[in-house]
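A.B. asks: Pasted the sequence and its predicted model underneath.
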Protein chains: 2
Amino acid sequence: MNNVICTVDVVLLTIKDERLSVALLKREREPYRGVAALPGGFIHAEDNDARDAALRVLNEKTRIEAPYLEQLATFSGPARDPRGWSISVTYYALVSFDVIERAGHPDIKLANVDQLTNLPFDHRGIIETAVARLRSKSQYSSLPCYLAGEAFTLPHLQRIYEALMGEPLNKVSFRRKIKEMAMLEILEGQFDSAGAHRPAQLHRLKPELRERLTLLERGL
Amino acid sequence: MNNVICTVDVVLLTIKDERLSVALLKREREPYRGVAALPGGFIHAEDNDARDAALRVLNEKTRIEAPYLEQLATFSGPARDPRGWSISVTYYALVSFDVIERAGHPDIKLANVDQLTNLPFDHRGIIETAVARLRSKSQYSSLPCYLAGEAFTLPHLQRIYEALMGEPLNKVSFRRKIKEMAMLEILEGQFDSAGAHRPAQLHRLKPELRERLTLLERGL
DNA sequence: TGAATAGTGTCTTTTAGACAATATGTG
DNA sequence: CACATATTGTCTAAAAGACACTATTCA
């Protein structure tokens, strides 16, 4: 078939106020002009592949560069886009909240993924797929680290895991598992001194794992 | 961009002689006419979505109907197909060996996935991705059951899991886990009586789980 | 009856979780 | 010092694995 509409959409996720949230942007064009939707756009002949298109589109619309980005799934069919038979290769990206703040784009809205209002196209289903994938992978991988920013404490990371899993985790077990994954390194002498209590050690992802997940034999 | 070549490819996997194997077909058309490759084809305007296209293409080329079929990933770029910028939405299908035998198509060749020879397009990478996905999911799900056919014994299922994981499994633990997943039902009074030894009880997937995976809290 | 594999009971080892003690900041 | 949270030690409980015993068939 000729003339399939080929697009990419990006589910940009972050943790805001200990809640998993998705970035929505007001659409600048028809269809659904002015409606909040996932950042997306057409694949161009100049793109090296759909992943490059997703990175380009995300950067054009949010100014965010080089986030953790992983292919989610491809959604297709004659009815999902009013313009005709379409394919959307979707990706999900994980960033810390301050990356979104620093981008400072006025039209980005963050919506709690558990309280989504109506969305155009099949974007609601795409977001639900992304959230399910993230929550599933969080059970046995280092994936949530990409939501934590450059430097973070173990208590902070545990709150992120808990927000994703939806339940409190045992502190001792959590730390045993993080140690087992061997994905973090201590930022010697750097602590997070916020509050009238003992400061927490700052950590970061080992640089060689910036783009690669670490997996657990058994989940958290 | 207009004129993206939109195709589907199917990685049809089975267990032959306790080895994971992929079905390859001789291509009937250019490019790579006569070369063994994954069954694939163009998406048609009449298809309801890419999944329907994959089921249609698989049935047209192998006469196999309604296998377990799951989206794998989408491969894209200007160079993977000599005809131009292309997208392939890929799926993997799992069937028992006798489903392939019964289809009786003369041009299907089964190749051990650990000893792949040269393949056209990026089919080698697609197969490797499918195998990695299957092996990963086998650690904590009922996925391998779809390789076992209609009725099977627990020792047979264990050999399938072992072929996928590449290591022997503890019999007691394996059975505990299968029981925990609660995905099988006993075929009362039906046994596999092959060999000079105690016959093994036949089981089948619970009918309501024909298309849905069961997951384990902790892996095998 | 002996060989071969199926299926189960039980003890040991490993892993996860509960609980609490110690550590180190601020006001 | 009182208080709050970080970090660690240790005991208990749960899960996984090793091993062996019983079951059932055919030759």
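C.D. replies: That came in fine, so what should we check first? Numbering: from 1, shown residues only, chains lettered A, B, ... in the order given.

A.B. asks: what secondary structure does residue A:150 sit in?
C.D. replies: What DSSP: H, G, I helix; E, B strand; the rest coil gives for residue A:150 is coil.

A.B. asks: you'd agree it is up against residue A:207?
C.D. replies: No: Residue A:150 is beyond contact range of residue A:207, at 10.9 Å (criterion: C-beta atoms under 8 Å). C-beta here means a position set from N, CA and C on the backbone, and glycine is covered the same way.

A.B. asks: Can you pull the domain assignment for chain A?
C.D. replies: Per automatic domain parsing, the structural domains of chain A span A:5-137, A:141-209.

A.B. asks: so which of the ones you listed gets nearest residue B:176?
C.D. replies: Closest of the domains of chain A to residue B:176 is domain A:141-209, at 21.7 Å (criterion: C-beta to C-beta).

A.B. asks: Is the closest one positioned near chain B?
C.D. replies: No: Domain A:141-209 stays clear of chain B (C-beta under 8 Å from any C-beta of the partner chain), getting no nearer than 10.7 Å.

A.B. asks: picking that back up, more neighbours: which of residue A:150 and residue A:207?
C.D. replies: residue A:150 (11 against 7; other C-beta atoms under 10 Å in any protein chain shown).

A.B. asks: ok, now which ones touch that one?
C.D. replies: Residues near residue A:150 by C-beta atoms under 8 Å, 6 or more residues apart in numbering or on different chains: A:96, A:204.

A.B. asks: And the most centrally placed residue in chain A, how close does it get to DNA strand D?
C.D. replies: Closest residue to the average C-alpha location of chain A: residue A:94 at 2.6 Å, with C-alpha atoms, centre = their mean. Distance of residue A:94 to DNA strand D, given as C-beta to the nearest atom of the strand, to the nearest Å: 22 Å.

A.B. asks: got the residues of chain A near DNA strand D?
C.D. replies: Residues of chain A that fall close to DNA strand D, judged by C-beta under 7 Å from any atom of the strand: A:153-155, A:171-172, A:175, A:195-201, A:218.

A.B. asks: which one among those residues gets closest to chain B?
C.D. replies: Nearest to chain B among the residues of chain A next to DNA strand D: residue A:218, at 4.7 Å, using C-beta to the nearest C-beta.

A.B. asks: Give me the longest strand you can find in chain A.
C.D. replies: Among the elements of type strand in chain A, defined by DSSP state E, the one spanning the most residues is strand A:5-16.

A.B. asks: Could you pull out the strands in chain A for me?
C.D. replies: A:5-16, A:19-26, A:36-37, A:40-42, A:68-77, A:86-94, A:108-112, A:152-153, A:184-192, A:200-205.

A.B. asks: The fifth one packs against which elements?
C.D. replies: The reference is to strand A:68-77. The contact analysis (3 or more C-beta pairs under 8 Å, 6 or more residues apart in numbering or on different chains; DSSP states H and E) places strand A:68-77 against helix A:50-62, strand A:86-94, helix A:123-138, strand B:68-77.

A.B. asks: Give me whichever of the ones you listed is most buried.
C.D. replies: strand A:86-94 (a mean of 24; mean count of other C-beta atoms under 10 Å in any protein chain shown).

A.B. asks: So is that one next to chain B?
C.D. replies: Yes: counting by C-beta under 8 Å from any C-beta, chain B is contacted by strand A:86-94 at A:87, A:89.

A.B. asks: what about whichever residue of chain A sits closest to DNA strand C, how many neighbours?
C.D. replies: Residue of chain A nearest DNA strand C, by C-beta to the nearest atom of the strand: residue A:198 (2.8 Å). Residues lying near residue A:198 (other C-beta under 10 Å) number 8.

A.B. asks: any idea how far residue A:121 is from the closest residue to residue A:47 other than its chain neighbours?
C.D. replies: In this structure, residue A:47 finds its nearest non-sequential neighbour in residue A:53, 4.1 Å apart by C-beta to C-beta, 6 or more residues apart in numbering or on different chains. For residue A:53, the distance to residue A:121 equals 17 Å [C-beta to C-beta, to the nearest Å].

A.B. asks: Sketch out the low-pLDDT regions of chain A for me.
C.D. replies: Low-confidence segments of chain A (pLDDT under 70): none present.

A.B. asks: same thing but 90
C.D. replies: Regions of chain A meeting the criterion pLDDT under 90 cover residues A:1-2, A:66, A:104-107, A:193-195, A:217-220.

A.B. asks: circling back to that earlier point, so what's the residue nearest to the centre of chain A bridging to?
C.D. replies: residue A:13, residue A:68 (DSSP bridges).

A.B. asks: what sits against it?
C.D. replies: The contact partners of residue A:94, taken as C-beta under 8 Å, 6+ apart, are A:13, A:14, A:67, A:68, A:134, A:143, A:144, A:146, A:147.

A.B. asks: Run through the bridge partners of residue A:90.
C.D. replies: residue A:9, residue A:73.

A.B. asks: Which residues are in contact with it?
C.D. replies: Residue A:90 neighbours (C-beta under 8 Å, 6+ apart): A:8, A:9, A:10, A:11, A:71, A:72, A:73, A:74, A:75, A:126, A:129, A:130.

A.B. asks: One more: residue A:34?
C.D. replies: Contacts of residue A:34 were listed using C-beta under 8 Å, 6+ apart, and they are A:26, A:27.

A.B. asks: roughly how far apart are it and residue A:120?
C.D. replies: With the distance defined as C-beta to C-beta, residue A:34 ends up 10 Å from residue A:120.

A.B. asks: what is in contact with these two at once?
C.D. replies: Shared contacts of residue A:34 and residue A:120, defined by C-beta under 8 Å, 6+ apart, comprise residue A:27.

A.B. asks: picking that back up, most neighbours among the residues of chain A next to DNA strand D, which one?
C.D. replies: Highest neighbour count within these: residue A:153, with 19 neighbours (other C-beta under 10 Å).

A.B. asks: The nearest residue to it once chain neighbours are set aside and residue A:151, how far apart?
C.D. replies: Spatial nearest neighbour of residue A:153, chain neighbours left out: residue A:200 (3.7 Å); criterion: C-beta to C-beta, 6+ apart. Taking C-beta to C-beta as the measure, residue A:200 falls 11 Å from residue A:151.
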